[in-house]
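Peer 1: Okay, here's the prediction I keep looking at, along with the sequence it came from:
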Amino acid sequence: MQRMFTLILSIILSASVSAAGKISICSDNNFWYPFTLVKDGQSAGIHIDIIAKALDNLGYEVEFKPLPWKRCLVEAEQGGVDGVATASFKEERAAFMHYPGDAATAKKSTQRVMQVEYVVVTSADNSYEFSGDVKSIPEPVRAPRGYSIADDLKKQGVNVDDKASGDENNIKKLLRGGDGAVVTIPEVVNVLSEKAEFKGKLKISAQPLKSKSYYLPISKASKLSAEERDKIWAEIAKVRDDAAFMADAAAKY
């Protein structure tokens, strides 16, 4: 009888530990190569790999959910997920998600998942070259719906078209219209330029538009404590700075 009780107690405790160690994270289901994307229906990309490795190191069981970007943020706000992989800092998001302490002020946070560079893309037959003045960018300036880079540009008086979901849709709009520009990351353009419909048709300005830190923000509705959040962000930084791991992760994409 005592052995049976011990066995039952062990099962109960094991289940409790497992439940306490589970984390759910949503990611954008757009093609944001190589940082976040969907592969075989699952969240993938370098940002996902970094976060997954950090959480595994800490003993968590993690579930990633690729979702439309706005829905992902709503899920975080309502407590449907513990975190978002990944997001830059915005005051509006900080109202319902916890960020590392330096996220609001640091240009390159020590607890970022990664630093991401944005560039200006025009059609190949456009002679425009970005030189630092955002108001000189050919309009309309296209950026994905719900992305913070669109809000950053709007605040500077730029006419932004952020109606489309994802970079590829914006690039298609650019080539159909022949005017304006797209603000995105160079890695996306380089990959899309291998496709026949885009090959030789796009130009990236040499000077970057902006560099931003991207994080794993944690929902304020999550049960993760402040201590747990800090441990997660610290472990993410360790994984990000592991040159061997990062080389292996990059090689996958």
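Peer 2: Now that the structure is in, tell me what you want to look at.
Peer 1: burial measure for A196, as a count.
Peer 2: 6 (other CB atoms under 10 Å). Using the backbone N, CA and C atoms, a C-beta is placed for each residue, glycine as well.
Peer 1: That one falls within a helix, correct?
Peer 2: No: counting by DSSP: H, G, I helix; E, B strand; the rest coil, A196 falls outside a helix, being coil.
Peer 1: which residues touch it?
Peer 2: Not one residue lies near A196 by CB atoms under 8 Å, 6 or more residues apart in numbering.
Peer 1: Could you measure from it over to D102?
Peer 2: 44 Å (CB to CB, to the nearest Å).
Peer 1: Q111 now?
Peer 2: Counting by CB to CB - Q111 and D102 are separated by 7 Å.
Peer 1: Neighbour count: those two, which is higher?
Peer 2: Q111 (21 against 15).
Peer 1: so where's the chain shaky on pLDDT?
Peer 2: 1-20 (pLDDT under 70).
Peer 1: all strands for it, in order.
Peer 2: Assigned strands in the chain, in chain order: 22-28, 37-39, 42-44, 61-67, 83-85, 97-98, 114-123, 141-142, 160-161, 181-184, 202-204, 210-214, 218-219 (criterion: DSSP state E).
Peer 1: Quick one: those as JSON lines, columns for distance to D241 and mean neighbour count too.
Peer 2: Output for these, formatted as JSON lines (distance: least, CB to CB, whole Å; neighbours: other CB atoms under 10 Å):
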{"stretch": "strand 22-28", "distance to D241": "21", "mean neighbour count": "23"}
{"stretch": "strand 37-39", "distance to D241": "23", "mean neighbour count": "17"}
{"stretch": "strand 42-44", "distance to D241": "22", "mean neighbour count": "20"}
{"stretch": "strand 61-67", "distance to D241": "20", "mean neighbour count": "18"}
{"stretch": "strand 83-85", "distance to D241": "18", "mean neighbour count": "26"}
{"stretch": "strand 97-98", "distance to D241": "22", "mean neighbour count": "22"}
{"stretch": "strand 114-123", "distance to D241": "11", "mean neighbour count": "20"}
{"stretch": "strand 141-142", "distance to D241": "34", "mean neighbour count": "24"}
{"stretch": "strand 160-161", "distance to D241": "34", "mean neighbour count": "20"}
{"stretch": "strand 181-184", "distance to D241": "26", "mean neighbour count": "27"}
{"stretch": "strand 202-204", "distance to D241": "28", "mean neighbour count": "19"}
{"stretch": "strand 210-214", "distance to D241": "14", "mean neighbour count": "18"}
{"stretch": "strand 218-219", "distance to D241": "21", "mean neighbour count": "24"}
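Peer 1: Quick one: closest of the ones you listed to A247.
Peer 2: strand 114-123 (14.0 Å; CB to CB).
Peer 1: residue nearest the centroid of this structure?
Peer 2: T86 (3.1 Å; CA atoms, centre = their mean).
Peer 1: Was I right to think that one contacts S213?
Peer 2: No: in this structure T86 lies outside contact range of S213 using CB atoms under 8 Å: 9.4 Å.
Peer 1: returning to that earlier point: now do the residue nearest to the centre of the chain against W32, distance only.
Peer 2: From T86 to W32 the distance is 9 Å (CB to CB).
Peer 1: ok, now how distant is A95 from S219?
Peer 2: 11 Å.
Peer 1: anything in contact with each of T86 and S213?
Peer 2: M114.
Peer 1: what's stretch 163-179 in contact with?
Peer 2: 30-32, 68-69, 121-123, 138-140, 142-145, 161, 180-182, 184-185, 188-189, 192, 198, 201-202.
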